[in-house]
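S.K.: Give me a 3D structure for the following:
(one chain, ligands or ions: 2)
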Amino acid sequence: MLEVRNLVVRYGAIEAVRDVSLSVRPGMVTAVLGANSAGKSSLLKAISGLVPAASGSIRMDGEDLATLPPHRRARAGLAHVLEGRRLFHPLSVEENLRVAWDFSGKVRSFVAALTMAFDAFPVLGERRHSPARTLSGGQQQMLILSCSLIRGPRYLLLDEPSLGLAPIVVQQIFGFIGAVAREQGTAVLLSEQMASLALKVADYGYLLRRGQWVREGTAAELAGSDASELSAAYL
Ligand SMILES: Nc1ncnc2c1ncn2[C@@H]1O[C@H](COP(=O)(O)OP(=O)(O)O)[C@@H](O)[C@H]1O
Ligand SMILES: [Mg+2]
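M.R.: Ligands and ions are numbered 1, 2, ... in the order given. A predicted model of the protein is given here:
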């Protein structure tokens, strides 16, 4: 389990995350919901070590991550998919997977890694020799997810994977994320502005507003909660 307690993240005078606590459990999708600037990316970056925590604690399977640099957190089983679909755009689908595989510790063969990606998303197999920049936004997101899963992470942080995608594509990608959590026992932390879609795949969720915790609950509780409160989280 990943446990965040009383986390604070600051950029100079800006307090981006204020006293946030949450738990992310294996086999479950946990959503962090909030508007632009709510502090979602800062929260995920503090967990993976890309920004320092000003105070509070982050524990993975009971181990305090405070002194571990990002690459050690990755080696311990944490993967972070950053906002904005970062790929090697001139490289082909297969070459992007190859780079991810090279850095993955090679826990499985490259052929097995390709098979896993192409079974999950057949369109990636059809486009395996196309440069990543020529893929649609949805296909790029599928490729990034495939790259991030090669190592077989136990904890997967996904920062707004729906950004700029059509709802039907988002549903397909969220369906895949839900299946990864259930079938592989991965603990997924999903940050999203699209609350209604995220709550369809999430088991549990937390609402953030301007860096602060507003409310938490099961996806059913949050989806059924007062609409004004959900929308208030998006101001
Ligand atoms: N590198 C940075 N330097 C200064 N302020 C930042 C930086 N990154 C984010 N912020 C500020 O922190 C707050 C939270 O941002 P962010 O974590 O990106 O929120 P979200 O991902 O929910 O949009 C915002 O006010 C944003 O302007
Ligand atoms: Mg963000």
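
S.K.: can you tell me the helix or strand for the residue nearest the centre of the chain?
M.R.: What sits nearest the mean C-alpha location of the chain, by CA atoms, centre = their mean, is Leu158, with 1.1 Å. Element membership for Leu158 (DSSP states H and E) is strand 155-159.

S.K.: Off-centre distance for that strand?
M.R.: A distance of 2 Å separates the centroid of the chain from that of strand 155-159, by CA atoms, centre = their mean, to the nearest Å.

S.K.: touching ligand 2 at all, that strand?
M.R.: No - using CB under 5 Å from the ion, strand 155-159 stays clear of ligand 2, coming no nearer than 5.9 Å. Every residue, glycine included, has its C-beta placed from N, CA and C.

S.K.: picking up where we left off before, now for the residue nearest to the centre of the chain: which residues touch it?
M.R.: Residues near Leu158 by CB atoms under 8 Å, 6 or more residues apart in numbering: 81, 145, 177, 188-191.

S.K.: In strands, which of the residues you listed fall?
M.R.: 81, 188-191 (DSSP state E).

S.K.: Mind listing what's buried along the strand holding Leu158?
M.R.: Buried residues in strand 155-159, counting neighbours by 16 or more other CB atoms under 10 Å, are found at 155-159.

S.K.: In what element of secondary structure is the residue of the chain found nearest ligand 2 found?
M.R.: Residue of the chain nearest ligand 2, by CB to the ion: Ser41 (3.2 Å). Element membership for Ser41 (DSSP H and E) is helix 40-48.

S.K.: again with Ser162
M.R.: Counting by DSSP H and E, Ser162 is part of no helix or strand.

S.K.: picking up where we left off before, report the beta-bridge partners for the residue nearest to the centre of the chain.
M.R.: Val81, Leu190 (DSSP bridges).

S.K.: my read is Leu199 is in a helix, agree?
M.R.: Yes - per DSSP: H, G, I helix; E, B strand; the rest coil, Leu199 lies within a helix segment.

S.K.: you'd agree Gly39 is up against Val20?
M.R.: Yes - with contacts counted by CB atoms under 8 Å, Gly39 reaches Val20, the gap being 7.5 Å.

S.K.: And for the longest helix along the chain, what's in contact with it?
M.R.: Determined from DSSP state H, the single longest helix within the chain is helix 167-184. By CB under 8 Å, 6+ apart, the residues outside helix 167-184 that reach it are 27-29, 120-121, 136-138, 141-142, 145, 149, 152, 156, 158, 161-162, 165, 186-188, 190, 194, 197-198, 200-201.
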